[in-house]
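Novice: My questions are about this predicted structure, shown below with the sequence.
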Amino acid sequence: GHYGAGPLGAKPARQDEEVTAAVWQGASRPGDLEANVAVVEAVLQRAGASGVELVVFPELFLCGYDCEPRRLREVALTLDSALLGRIGKCAAATGTC
């Protein structure tokens, strides 16, 4: 069988297909979505150039773990947000997800 494509437009993968994955760990800037998305784009570009197909980032990387609770609504993203769209376009262009 086939798995469905992810929300950012990843191509479907077969169950028996191998995927080259990487885990990225690094600090984000709390509350600075623009800067954090730029980091994701740079990492995806390097990963794609190295043949990596899947990159895993820390949870809350985009908003940062240290984001002040009063700012959480401000940094929350919807699936159709422009910033997530940028990540999706970068992933598609680099062959990563």
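Specialist: The structure has been received and is ready for your questions. Source: prediction; values computed, not measured.

Novice: Would you mark the buried spots in stretch 52-65?
Specialist: By 16 or more other Cβ atoms under 10 Å, the buried positions in stretch 52-65 come out as 52-55, 57, 61-64. (Glycine included, C-beta is placed from N, CA and C.)

Novice: how long is it end to end?
Specialist: Terminal residues of stretch 52-65 are spaced 26 Å apart (Cα to Cα, to the nearest Å).

Novice: Residues contacting stretch 20-33, please?
Specialist: Contacts to stretch 20-33, defined as Cβ atoms under 8 Å, 6 or more residues apart in numbering, come from residues 35-36, 39, 43, 47, 50-58, 60-68, 71, 74-75, 77, 83.

Novice: In helices, which of those fall?
Specialist: 35-36, 39, 43, 47, 74-75, 83 (DSSP state H).

Novice: phi, psi of residue 23?
Specialist: phi -110, psi 130 (degrees, to the nearest 10).

Novice: buried residues in the lowest-mean-pLDDT helix or strand in the chain?
Specialist: The weakest-scoring helix or strand in the chain, judged by mean pLDDT, DSSP states H and E, is helix 72-75 (a mean of 84). Of the residues in helix 72-75, those buried under the neighbour-count criterion (16+ other Cβ under 10 Å) are residue 75.

Novice: Centre of the chain to that helix, how far?
Specialist: 18 Å (Cα atoms, centre = their mean, to the nearest Å).

Novice: One more: stretch 61-72?
Specialist: 17 Å.

Novice: Stretch 53-71 too?
Specialist: On Cα atoms, centre = their mean, the centre of stretch 53-71 falls 10 Å from that of its chain.

Novice: mind checking the end-to-end distance for it?
Specialist: End-to-end distance (Cα to Cα), stretch 53-71: 33 Å.

Novice: Residues in contact with that stretch: which ones?
Specialist: Taking Cβ under 8 Å, 6+ apart as the rule, stretch 53-71 contacts 19-25, 28-33, 36-37, 40, 43-44, 47, 72, 75-77, 83, 95-97.

Novice: Perfect, I'm done here.
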